[in-house]
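Chemist: got a structure for you, letters missing:
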């Protein structure tokens with residue numbers, strides 16, 4: 001929704017009145033601000049002027065002057081409330097977003113965090129807290145990320161997308177880590193032909209979250225790579241190459257599913273006949289309950305199917 005409120009210069013200037021210099025130095029040293037020292041009023045006014053000139057342009061796009069203003073706003077809010085950036089709750093990000101015409105609080109938060117985002121392995125504590133927060137605030141990933149950093153006191157940033165990916169690919173109790181069957185692989189390729197590469201949608205609607213988005217995506221590309229290793233391509237477009245590979249995988253899976261049961265039935269009958277010849281079962285009036293173990297399953301000898 002478009003914001004009508006004009007930029008309030010006085011509010012921004014008040015953030016920097018009588019700052020705690022020691023706390024300000026700590027912020028500038030430990031977090032990804034673009035300022036080497038606290039900006040003075042003249043510099044703040046220049047930033048505000050540049051933002052106002054472009055206030056109505058480039059809807060939805062982040063511009064260099066907006067990025068600099070965002071850094072200024074986050075620094076100002078932290079100084080005013082004596083808080084670290086990772087401690088800012090949605091209500092503080094909402095205050096910041098009111099200064100931007102086309103960006104909500106999530107957009108402002110994610111934009112600022114992009115600059116200080118690092119890939120850090122998840123800890124046991126973070127996993128435990130994430131599970132609890134997901135039950136308390138299901139799928140509210142931005143809020144969960146903020147609460148997670150506050151509770152675990154992490155020195156690094158966790159974004160909402162990171163929390164979501166961790167949940168859907170590792171922590172969701174619906175996940176079933178079983179090997180892929182050919183039927184599942186064929187179903188995956190047919191669904192992608194119809195829906196496109198909508199991993200989340202396929203995971204939810206087709207596999208009921210038992211196969212994760214990453215598992216689905218990785219299986220798709222692994223099978224394509226296997227098919228490609230058996231072919232030689234000339235100079236063709238990427239789209240045509242992909243279509244040939246997909247068609248090849250589908251045909252192989254269909255053939256495997258259609259012919260494998262018949263082959264197993266032949267092998268099963270051969271084993272049955274061998275057992276009947278090896279043991280003289282003619283003396284048995286009824287060997288209905290006699291079974292053999294064939295390919296990890298019990299098969300009755302008198303099964304006529």
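Modeler: Yep, that arrived. Being a predicted model, the structure only gives us computed values, none of them experimental.
Chemist: Any regions of the stretch 51-200 of the chain where pLDDT drops low?
Modeler: Low-confidence segments of the stretch 51-200 of the chain (pLDDT under 70): 54-60, 114-119, 155.
Chemist: Then the stretch 201-305 of the chain?
Modeler: Using pLDDT under 70, the stretch 201-305 of the chain drops low at 259-305.
Chemist: which residues in it form helices?
Modeler: With helices called from DSSP state H, counting those that start in this stretch, the stretch 201-305 of the chain shows them at 213-229, 238-278.
Chemist: How about the stretch 1-150 of the chain?
Modeler: Using DSSP H, counting those that start in this stretch, the helices found in the stretch 1-150 of the chain span residues 9-15, 21-30, 41-53, 64-81, 90-97, 105-114, 124-136, 141-152.
Chemist: Just give me how far the first one sits from the chain centre.
Modeler: In this view, helix 9-15 has its centroid 38 Å away from the chain centroid, taken as Cα atoms, centre = their mean, to the nearest Å.
Chemist: Distance to residue 193 and mean neighbour count for the helices of the stretch 1-150 of the chain - can I get that in a markdown table?
Modeler: For every residue, glycine as well, the C-beta is placed using N, CA and C. As requested, the helices of the stretch 1-150 of the chain are exported to a markdown table (distance: least, Cβ to Cβ, whole Å; neighbours: other Cβ atoms under 10 Å):
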| stretch | distance to residue 193 | mean neighbour count |
| --- | --- | --- |
| helix 9-15 | 53 | 14 |
| helix 21-30 | 50 | 13 |
| helix 41-53 | 47 | 14 |
| helix 64-81 | 41 | 20 |
| helix 90-97 | 41 | 18 |
| helix 105-114 | 33 | 19 |
| helix 124-136 | 33 | 15 |
| helix 141-152 | 30 | 20 |
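Chemist: From what I see, residue 246 and residue 188 are in contact.
Modeler: No: in this structure residue 246 lies outside contact range of residue 188 using Cβ atoms under 8 Å: 10.9 Å.
Chemist: what about residue 121, how many residues close to it?
Modeler: 5 (other Cβ atoms under 10 Å).
Chemist: Mark out where each domain of the chain begins and ends.
Modeler: For the chain, automatic domain parsing gives the domain ranges 9-114, 124-171.
Chemist: Now those domains in a markdown table, please, with extra columns for distance to residue 203.
Modeler: Below are those laid out as a markdown table (distance: least, Cβ to Cβ, whole Å):
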| stretch | distance to residue 203 |
| --- | --- |
| domain 9-114 | 23 |
| domain 124-171 | 7 |
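Chemist: Assess the claim that residue 123 and residue 152 are in contact.
Modeler: Yes: under the criterion of Cβ under 8 Å, residue 123 makes contact with residue 152 at 7.4 Å.
Chemist: OK, contacts around residue 19?
Modeler: Contact analysis of residue 19 by Cβ atoms under 8 Å, 6 or more residues apart in numbering lists 38, 79.
Chemist: Can you read off the pLDDT for it?
Modeler: Residue 19 is assigned 84 on the pLDDT scale.
Chemist: The one 10 residues further on now?
Modeler: Per-residue pLDDT puts residue 29 at 80.
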